[in-house]
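Enquirer: Everything below, folded, please.
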Amino acid sequence: MDIQCESCQKNFIADEMPRRGAVCFSCHVKSVRLGFTYGKQDFHGPTVRERQRKQVEDAAIHGINAEPVTNWM
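Expert: Just a heads-up that it's a prediction; the model follows:
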């Protein structure tokens with residue numbers, strides 16, 4: 001089946017109409033956004049272990065005996 005792309009007007013061949021519609025794979029890939037799942041701050045910020053250590057330290061300053069869940073087992 002010869003299909004004309006709705007975005008770039010190029011022809012492409014497919015066995016049947018793709019689920020994305022009459023959009024070629026090249027145009028489809030351009031529309032896919034691979035972003036940061038938890039935001040850029042989590043990606044470039046402190047690690048999970050560093051945040052955990054800070055929470056335990058802050059709790060100790062306020063007189064709370066906090067410990068990570070990993071210590072319960």
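
Enquirer: Which element is encountered next along the chain beyond the least confident helix or strand in the chain by mean pLDDT?
Expert: Ranked by mean pLDDT, DSSP states H and E, the weakest helix or strand in the chain is helix 40-44, scoring a mean of 70. As assigned by DSSP states H and E, the chain's next helix or strand after helix 40-44 is helix 48-61.

Enquirer: what's the distance between that next one and the middle of its chain?
Expert: 26 Å (Cα atoms, centre = their mean, to the nearest Å).

Enquirer: Buried residues, it. List them.
Expert: Residues of helix 48-61 classed as buried by neighbour count (16 or more other Cβ atoms under 10 Å): V56. Backbone N, C-alpha and C define where each C-beta goes, glycine included.

Enquirer: got the domain boundaries for this structure?
Expert: Using automatic domain parsing, the domains assigned to the chain come out as 1-33, 35-73.

Enquirer: Could you look over those domains and pick the most buried one?
Expert: domain 1-33 (a mean of 11; mean count of other Cβ atoms under 10 Å).

Enquirer: Quick one: end-to-end distance for that one.
Expert: End-to-end distance of domain 1-33: 28 Å, with Cα to Cα, to the nearest Å as the criterion.

Enquirer: mean pLDDT for the domains of the chain: which is lowest?
Expert: Among the domains of the chain, domain 35-73 carries the lowest mean pLDDT, a mean of 81.

Enquirer: centre of the chain versus that domain, how much separation?
Expert: The answer for domain 35-73 is 21 Å, by Cα atoms, centre = their mean.

Enquirer: which residues touch stretch 50-68?
Expert: P46 (Cβ atoms under 8 Å, 6 or more residues apart in numbering).

Enquirer: Kindly export it (C-alpha atoms) in PDB.
Expert: Output of stretch 50-68 as PDB, limited to C-alpha atoms (Å, rounded to 0.1, in the frame of the first residue of the first chain):
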ATOM      1  CA  GLU A  50      22.200  11.900  49.500                       C
ATOM      2  CA  ARG A  51      18.500  13.000  50.000                       C
ATOM      3  CA  GLN A  52      17.900  10.100  52.300                       C
ATOM      4  CA  ARG A  53      21.000  11.000  54.400                       C
ATOM      5  CA  LYS A  54      19.800  14.700  54.600                       C
ATOM      6  CA  GLN A  55      16.300  13.700  55.800                       C
ATOM      7  CA  VAL A  56      17.800  11.500  58.500                       C
ATOM      8  CA  GLU A  57      20.100  14.300  59.600                       C
ATOM      9  CA  ASP A  58      17.300  16.900  59.600                       C
ATOM     10  CA  ALA A  59      15.100  14.500  61.700                       C
ATOM     11  CA  ALA A  60      18.000  14.000  64.200                       C
ATOM     12  CA  ILE A  61      18.400  17.800  64.600                       C
ATOM     13  CA  HIS A  62      14.700  18.000  65.500                       C
ATOM     14  CA  GLY A  63      15.000  15.100  68.000                       C
ATOM     15  CA  ILE A  64      13.300  12.400  65.800                       C
ATOM     16  CA  ASN A  65      14.900   9.000  65.600                       C
ATOM     17  CA  ALA A  66      14.300   8.400  61.900                       C
ATOM     18  CA  GLU A  67      15.900   5.500  60.000                       C
ATOM     19  CA  PRO A  68      15.600   4.300  56.400                       C
END
